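Trainee: based on what follows, work out the 3D shape:
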Amino acid sequence: MGNCSVLFVCCVLAFQPSWLQRKSSKGKEKKQKRLEERAAMDAVCAKVDAANKLGDPLEAFPVFKKYDRNGTQMKKVMLTVFKHNHGANQFFREALQFEIDDTSPSMSGCCGEDCSYEILSRRTKFGESQQAHLGTPCGGCCH
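Mentor: Purely as a prediction, here's the structure:
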């Protein structure tokens, strides 16, 4: 009688429903997706770590090492920003202290409010000393 019970248990285990024998395909897909996302994140982290370990990031670009931006003695930095881009407008005007330039369409009056962009500018240390000496409305940029 002891042998019959062992045989019965083996038969029950052999004939389990299919949902107990294997994982669902959705579960496998989710696991595969998680593994792919984790592998992609690991690859990105490895690139960031490698970049952070570089002593001199411009070592591969020796041309830029000799560039001296103050050697140009730039008087002002200018940029164009769309009026509808409120985030960029706020960032450049408040955080970086840019102002609407005199050459901007809204200041010159040529386009008025029909123009979709503003020209912003900020004087450099070379431009500040020039403007104090010149007294011209444009700060000497075009005269």
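Trainee: measure Met41 to Phe82 for me?
Mentor: 34 Å (C-beta to C-beta, to the nearest Å). C-betas here are computed from N, CA, C, even on glycine.
Trainee: now swap in Asn89 and tell me
Mentor: 8 Å.
Trainee: for Leu58, same thing?
Mentor: Remark: distance between Leu58 and Phe82 (C-beta to C-beta) = 32 Å.
Trainee: same question, Val48
Mentor: Using C-beta to C-beta, we find Val48 at a distance of 32 Å from Phe82.
Trainee: which residues of the chain score low on pLDDT?
Mentor: Judged against pLDDT under 70, the low-scoring parts of the chain cover residues 1-23, 64-72, 110-113, 127-143.
Trainee: just the strands in it please.
Mentor: Along the chain, counting by DSSP state E, strands occupy 76-82, 99-100, 117-123.
Trainee: can you list these in CSV and add mean neighbour count and distance to Ser108?
Mentor: Listed next are the strands of the chain as CSV, based on neighbours: other C-beta atoms under 10 Å; distance: least, C-beta to C-beta, whole Å:
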stretch, mean neighbour count, distance to Ser108
strand 76-82, 14, 14
strand 99-100, 15, 11
strand 117-123, 19, 9
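Trainee: closest to Lys28 out of the ones you listed?
Mentor: For these, distance to Lys28 was read as C-beta to C-beta. The smallest value, 47.4 Å, belongs to strand 76-82.
Trainee: alpha carbons of the closest one, in PDB - could you do that?
Mentor: The C-alpha trace of strand 76-82 is given here as PDB (Å, rounded to 0.1, in the frame of the first residue of the first chain):
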ATOM      1  CA  LYS A  76      29.400  92.100 -25.700                       C
ATOM      2  CA  VAL A  77      27.800  88.700 -26.000                       C
ATOM      3  CA  MET A  78      24.600  88.600 -28.000                       C
ATOM      4  CA  LEU A  79      22.000  85.900 -28.500                       C
ATOM      5  CA  THR A  80      18.600  85.500 -30.100                       C
ATOM      6  CA  VAL A  81      15.600  84.000 -28.200                       C
ATOM      7  CA  PHE A  82      12.100  83.400 -29.300                       C
END
